[in-house]
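> Give me a 3D structure for the following:
(2 chains)
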Amino acid sequence: GQNIDQPTEMTATEGAIVQINCTYQTSGFNGLFWYQQHAGEAPTFLSYNVLDGLEEKGRFSSFLSRSKGYSYLLLKELQMKDSASYLCAVRVGKAAGNKLTFGGGTRVLVKP
Amino acid sequence: GAVVSQHPSWVICKSGTSVKIECRSLDFQATTMFWYRQFPKQSLMLMATSNEGSKATYEQGVEKDKFLINHASLTLSTLTVTSAHPEDSSFYICSARHNRGPYNEQFFGPGTRLTVL
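Below is the predicted model of the structure:
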């Protein structure tokens, strides 16, 4: 089975940086995704990592270490609109249907 | 970009009735779609994988006779909640996998909020 852990909640100040960690234990790893979800809305794609290292996209960066089963999402220059849940999701391989397994999500609250 | 729609966006029904939710990929073909449910303040739980032209693959613990899935075309999958009960009230989200996307990622629909009275 798959096991994905991330903190439940984080609070940060507008303009600051927040790092959301995600640890996973899985078989057939085939990539890790980060999604943003505002309350009552669908998740939207933020980033994808399949090789070790850092992927940077504007204010958002994501890091992966496959040997450690660890990823983080870094949000810089926080804005009020960044208040949302951030979901870490691991994709398993084709043999297992290329499914996504989601972590519990991390609710980030940005304060002025 | 890749757009996925769901209909209806919300539905309220009486206990014992059946409800059908549609998921459409608007600008791409999707041989595979996924159905999730999400309870308040919880993450997405995969219910089943919907494959065009073949039977859906259900996750452990999901009743296939309760949640009927039909994927009749490359752009449409439907989820029917049969004989709905209050405990079926939830947020149902579909996604479609874009095989030509850079990451083969799933694109999510806006969700359907089901309330069973």
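> What's opposite A:V110 in the beta bridge?
For A:V110, the beta-bridge partners under DSSP bridges are A:A12.
> what residue ranges in the chain are flagged as low confidence?
Chain wasn't specified; assuming chain A. Within chain A, the ranges that satisfy pLDDT under 70 run A:1, A:94-97.
> Chain B, not that one
Across chain B, the ranges flagged by pLDDT under 70 are B:1, B:101.
> got the contact list for residue 9?
No chain specified, so I'll use chain A. By Cβ atoms under 8 Å, 6 or more residues apart in numbering or on different chains, the residues touching A:E9 are A:106-109. Where you see a C-beta, it was placed from the backbone N, CA and C, and this is true even at glycine.
> my bad, chain B
With contact taken as Cβ under 8 Å, 6+ apart, B:S9 is in contact with B:110-113.
> change it to 7 Å
Applying Cβ atoms under 7 Å, 6 or more residues apart in numbering or on different chains to B:S9 gives the contacts B:110, B:112.
> Relative to B:Y92, how far out is it?
11 Å (Cβ to Cβ, to the nearest Å).
> List the residues that are in contact with both of those two.
Common neighbours of B:S9 and B:Y92, counting by Cβ under 7 Å, 6+ apart, are B:T112.
> Let me know the outermost residue of chain B.
For chain B, the C-alpha farthest from the mean C-alpha position belongs to B:P102; by Cα atoms, centre = their mean, that distance is 23.3 Å.
> Which of the three states applies to it?
coil (DSSP: H, G, I helix; E, B strand; the rest coil).
> Kindly export stretch B:84-103 (C-alpha atoms) in PDB.
Below are the C-alpha coordinates for stretch B:84-103, written out as PDB (Å, rounded to 0.1, in the frame of the first residue of the first chain):
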ATOM      1  CA  ALA B  84     -28.300   7.200  -2.100                       C
ATOM      2  CA  HIS B  85     -28.300   7.500   1.700                       C
ATOM      3  CA  PRO B  86     -27.200  10.400   3.900                       C
ATOM      4  CA  GLU B  87     -23.800   8.900   4.400                       C
ATOM      5  CA  ASP B  88     -23.100   9.200   0.700                       C
ATOM      6  CA  SER B  89     -23.200  13.000   1.000                       C
ATOM      7  CA  SER B  90     -19.800  14.200   0.000                       C
ATOM      8  CA  PHE B  91     -17.900  16.200  -2.600                       C
ATOM      9  CA  TYR B  92     -17.300  14.000  -5.700                       C
ATOM     10  CA  ILE B  93     -14.400  15.000  -8.000                       C
ATOM     11  CA  CYS B  94     -13.400  13.500 -11.300                       C
ATOM     12  CA  SER B  95     -10.200  13.800 -13.100                       C
ATOM     13  CA  ALA B  96      -9.000  13.000 -16.600                       C
ATOM     14  CA  ARG B  97      -5.500  12.000 -17.500                       C
ATOM     15  CA  HIS B  98      -4.100  13.900 -20.400                       C
ATOM     16  CA  ASN B  99      -1.800  11.500 -22.200                       C
ATOM     17  CA  ARG B 100      -0.200  14.200 -24.200                       C
ATOM     18  CA  GLY B 101       0.500  16.500 -21.300                       C
ATOM     19  CA  PRO B 102       4.100  17.000 -20.300                       C
ATOM     20  CA  TYR B 103       3.700  15.100 -17.100                       C
END
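> Which positions in it come out as buried?
Buried residues in stretch B:84-103, counted by 16 or more other Cβ atoms under 10 Å in any protein chain shown: B:84, B:88-98.
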